[in-house]
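Colleague: coords please:
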Amino acid sequence: MPLSILDNTVVRFALTSAVWYFNNPGGESDALSTELLASSLQKTLNAYPQWAGQLHWMPYDGLDGEQRQGRVCISYGSPSDPGLELIFARSPRNLSSLVPDSMARMERGAWCADDLPSAQLLCTTSLALHSSSEYAGKPCISVQVTTFACGGLSIALRLVHCIADAIAMFQFVKDWAATHRALLQRRPLPTLTPVFDPALLDGAATGCVKGE
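Modeller: Residues are numbered from 1 along each chain as shown. Below you'll find the model as predicted:
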């Protein structure tokens, strides 16, 4: 499926990325169980199959310019899809040594994150088309779950920008959280209805421009 014209312009943009931090929930809660996180992530991806697909360039088809050579597209729904990269890591540090709690942040009035070891919390897997033209077998999304000595946890996402901007990423995380809560509470899974239709945007663009 060809991505939109706008998606084509952001292939080389910086990755869409963010990290979420969670304190130890205490007690015997399974809220931060890595097994449950992996299961809920997999079930959420059922509604986002394109995110597990192969991002690549579409070759010219010779149909009088109807399909431009070099258009970025996504192929998905095949057993050969690269899927996403999911990494589980452990840190010997307590989460509080990296991120002050809300009370400490209020007392300081501001928190400088310059010393936060972000590189250690983000999966370094090379993503399709991001830093080069290579794409075969490379995922377009990576997730790293880091467990800290205190029982806290961080979840870091990195996505190729043409697959998802910040708004799309946050919608995915909301859907993942809803699915995770349902599994944790043994309730029916929510019905997820993300929209993936690049043609909607292309439909508002000027039609094909042909040479004489």
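Colleague: Remind me what the longest helix seen in the chain packs against, helices and strands.
Modeller: In the chain, taking DSSP state H as the definition, the longest helix is helix 166-184. Applying 3 or more Cβ pairs under 8 Å, 6 or more residues apart in numbering; DSSP states H and E, we find helix 166-184 packed against strand 16-22, helix 34-45, strand 153-159. Heads up, the C-betas are built off the backbone N, CA and C, glycines and all.
Colleague: Can you tell me which of the ones you listed is packed in deepest?
Modeller: Of the helices and strands packed on helix 166-184, the one with the most neighbours on average (mean count of other Cβ atoms under 10 Å) is strand 153-159, at a mean of 22.
Colleague: Show me how far that strand is from its chain's centre.
Modeller: Using Cα atoms, centre = their mean, to the nearest Å, the mean C-alpha position of strand 153-159 is found 8 Å from that of the whole chain.
Colleague: Convert the C-alpha atoms of it to PDB, please.
Modeller: Written as PDB, here are the backbone C-alpha positions of strand 153-159 (Å, rounded to 0.1, in the frame of the first residue of the first chain):
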ATOM      1  CA  LEU A 153       9.800   0.200  34.700                       C
ATOM      2  CA  SER A 154      10.200   2.300  31.500                       C
ATOM      3  CA  ILE A 155       8.700   1.700  28.100                       C
ATOM      4  CA  ALA A 156      10.400   3.300  25.100                       C
ATOM      5  CA  LEU A 157       9.000   3.500  21.600                       C
ATOM      6  CA  ARG A 158      10.800   4.500  18.400                       C
ATOM      7  CA  LEU A 159       9.000   4.600  15.000                       C
END
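Colleague: All set now, cheers.
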